[in-house]
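J.: Got a predicted structure plus its sequence, pasted below:
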Amino acid sequence: MDIVKVMAVTGSGSLLFVVFELIRRGRLKERYSLLWLAAGVVLLILSLSRELLEYVARLTGIFYPPSLLFLVAFVFLLLITLHFSAVISGLSEKNKILAQELGLLKQALEDIRNEYKRS
């Protein structure tokens, strides 16, 4: 087994272990972990099967098959970034609505206090 394969298998196996550990400890929710798990599994499969890696590399026009692993990892990172950008955008909108509702509630409470003081 060459050093590149050992490093690729170790890296993708470590990624899967870390994701499972984060899920187990409750630090990563299951719905957010799907892309991480998919990335780890795909990288592990490509790392273990040299023939599959070379076949996919030939199909995509990549001359050095291990660089396909970096391409796959990069694509998954882009997908994860896009996913979290969408999640953050939704949370930002919800946060704005909550802040507006809180302002309205504070104003209503202040109005009630002023009415109570007058009577």
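T.: Nice, thanks for sending it over.
J.: can you tell me which residues contact the closest residue to G11 other than its chain neighbours?
T.: Nearest non-adjacent residue to G11, counting by C-beta to C-beta, 6 or more residues apart in numbering: L43, 7.3 Å away. (Each C-beta comes from the backbone N, C-alpha and C, glycine too.) Residues near L43 by C-beta atoms under 8 Å, 6 or more residues apart in numbering: A8, G11, S12, L15, L69, V72, A73.
J.: Those residues in helices, which ones?
T.: Counting by DSSP state H, those place A8, G11, S12, L15, L69, V72, A73 in helices.
J.: helix, strand or coil for G26?
T.: Three-state assignment for G26 (DSSP: H, G, I helix; E, B strand; the rest coil): coil.
J.: Show the model's pLDDT score for it.
T.: Per-residue pLDDT puts G26 at 92.
J.: Equivalent analysis for M1, please.
T.: 65.
J.: ditto for M7
T.: Predicted confidence (pLDDT) for M7: 91.
J.: Equivalent analysis for Y32, please.
T.: 81.
J.: Now do the contacts for I45.
T.: I45 neighbours (C-beta under 8 Å, 6+ apart): L52.
J.: give me that answer again for 10 Å
T.: S12, L52, L53 (C-beta atoms under 10 Å, 6 or more residues apart in numbering).
J.: And those, which of them are buried?
T.: Among the contacts of I45, the ones that count as buried by 16 or more other C-beta atoms under 10 Å are S12, L53.
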